[in-house]
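model this:
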Amino acid sequence: MTLRVSILLLLLGWAFAGAAATIEVCAGCKVKTITEAIQQATAGDIVLIKSGFYAEGNIVVDKPLTLRGEGYPVLDGRMTEEALTITADSVTVEGLKIQNSGHNQLKDLAAIRVQRRKDYIIRNNILFNSFFGIYLEYAGAGIVEGNTIIGKAESEMNAGNAIHAWYVNNLTVRNNHLSGHRDGIYFEFVSDSHIHDNRSTGNVRYGLHFMFSNDDAYYCNIFDQNGAGVAVMFSKRITMTDNLFEHNWGRAAYGLLLKEITDADILRNHFTDNTLGIMLEGAARIRYENNVFKSNGWALQISGGCEDNHFTRNNFLNNALDLVVNGRANNNSFDGNYWSEYNGYDLDRNGNGDVPHRPVKLYSYILTQAPEAIVLLRSFFIDLLNFSEKISPALTPDNVLDNRPLMQPVS
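Numbering: from 1, shown residues only. Below is the predicted model of the structure:
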């Protein structure tokens, strides 16, 4: 045998030896439990879980494997413990239905937990009636996509989050449907990550909640019918584009809360039918452009510590109140927006009104002092007060103006 042939056979042997094996799991298979299959598997193998019911307690994946369900096999946590814990890099979990993980406020039990690992993929799973759905802690790059995570939360105190990320970087969360939890998505100390094309609906507190997370982007998501839409707090350099915030109604409900956030872009979002579109508190150096505020109670509420915010080419359409300013106006600008209540004129036909628009009404100032005055919202008396304040401003900030109001909505 020639040397060349010997080398070729040796390489072929290595290739076959390194090929991933598939281990089937089912009641009638040689391997009957997922735990046994993981123990037998070597790095890179596929554990193919056939349709059926598996109540094995907490299954630990401690080597690089793919756990793939066929016909959505059920992993049941028996309401006492976690269902699946990933303690190895390069693990893929797909096509499983995981239900009834334990509910425990002290241990934060989850349906799927990733601990200090990276290169994980969690996709196309159904998670039902879990305290936390997917819990990522001290994790590196990974993907969470295509999952349906449905909880039964009735209050903040007895519920976890659908997707919970704590000290994570380079995470992608996309195409998930999240409902019935405290928060749909929760980020704390998460950086360089992307959230897109998700629907977060019917959660008790927030559809999405950021805390101390920088250099992230979320886009093309739907946040509807939550306690409040999205809260971004104590974070920097967040990009928020092409999202829909709608039907977030309640005493303290808003589409978007910005608290102690700087250097962000908020572009091409729709805020529709919310109690409050955007609430700003301690928000600075943020660009708001090409957003639509339609049929909200309040479109914008700006509190203290908000500076260098620039609103331009936004549409304000049929909101009860377009703008409420609590505190000093500072150097925020509002030029070049469309306001449906603007009744000025454009004699030079350049597309901008010739008379500046004052978006802050006297009635909004009265509401901040006496919220019960909301019952007078549509009264002739309030219309008269607003008109008199418009003619001769006394209580509303005289420097909050749109000097170039648009005559037509931005398309």
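
So for residue 206, what's the nearest residue that isn't a sequence neighbour?
residue 183 (4.7 Å; C-beta to C-beta, 6 or more residues apart in numbering). C-betas here are computed from N, CA, C, even on glycine.

One more: residue 401?
Nearest to residue 401 is residue 356, by C-beta to C-beta, 6+ apart, at 4.5 Å.

One more: residue 186?
Distances taken as C-beta to C-beta, 6+ apart place residue 161 nearest to residue 186, at 4.2 Å, with adjacent residues excluded.

Now that neighbour: which helix or strand?
Taking DSSP states H and E as the definition, residue 161 sits outside all helices and strands.

Contacts only, for it.
With contact taken as C-beta atoms under 8 Å, 6 or more residues apart in numbering, residue 161 is in contact with 132-133, 181-186, 209.

top of those residues by neighbour count?
Neighbour counts for the contacts of residue 161, by other C-beta atoms under 10 Å, peak at residue 184, which reaches 35 neighbours.

Roughly how far does that residue sit from residue 242?
Look at residue 184 and residue 242: by C-beta to C-beta, to the nearest Å, they are 18 Å apart.

What count of nearby residues applies to residue 125?
Neighbourhood size, residue 125 [other C-beta under 10 Å]: 27.

Please report how far it lies from residue 274.
With C-beta to C-beta as the criterion, residue 125 and residue 274 are 31 Å apart.

before we move on, what about residue 119?
On the measure of C-beta to C-beta, residue 119 and residue 274 end up 38 Å apart.

out of the two, which sits in the busier spot?
Counted by other C-beta under 10 Å, residue 119 and residue 274 do not tie: residue 274 has more neighbours, with 29 against 16.

I'd like to check which residues are in contact with that one.
By C-beta under 8 Å, 6+ apart, the contact set of residue 274 is 229, 245-249, 253-255, 296-297.

how about those residues in CSV, adding secondary structure, neighbour count and distance to residue 341?
Listed next are the contacts of residue 274 as CSV, based on DSSP: H, G, I helix; E, B strand; the rest coil; neighbours: other C-beta atoms under 10 Å; distance: C-beta to C-beta, whole Å:
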residue, secondary structure, neighbour count, distance to residue 341
229, strand, 32, 24
245, strand, 30, 21
246, strand, 21, 21
247, coil, 17, 23
248, coil, 27, 23
249, coil, 16, 22
253, coil, 18, 23
254, coil, 26, 21
255, coil, 31, 20
296, coil, 28, 13
297, coil, 18, 15
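
any idea of the mean pLDDT in the longest strand along the chain?
If you go by DSSP state E, the chain has its longest strand at strand 276-289. Strand 276-289 shows a mean pLDDT of 96.

so what secondary structure elements neighbour whichever helix or strand comes after that strand?
Reading on from strand 276-289 to the C-terminus, the next helix or strand found by DSSP H and E is strand 292-294. When contacts are defined as 3 or more C-beta pairs under 8 Å, 6 or more residues apart in numbering; DSSP states H and E, strand 292-294 sits against strand 270-272, strand 315-317.

Now do the helix or strand just after the last one: distance to the chain's middle.
Per DSSP H and E, the first helix or strand lying C-terminal to strand 315-317 is strand 321-325. For strand 321-325, the gap between its own C-alpha mean and the chain's C-alpha mean amounts to 25 Å (C-alpha atoms, centre = their mean, to the nearest Å).

So which elements touch strand 321-325?
Under the contact criterion of 3+ C-beta pairs under 8 Å, 6+ apart, strand 321-325 touches strand 298-302, helix 362-369.

how about the longest strand of the chain: buried residues?
276-284, 286, 288-289 (16 or more other C-beta atoms under 10 Å).
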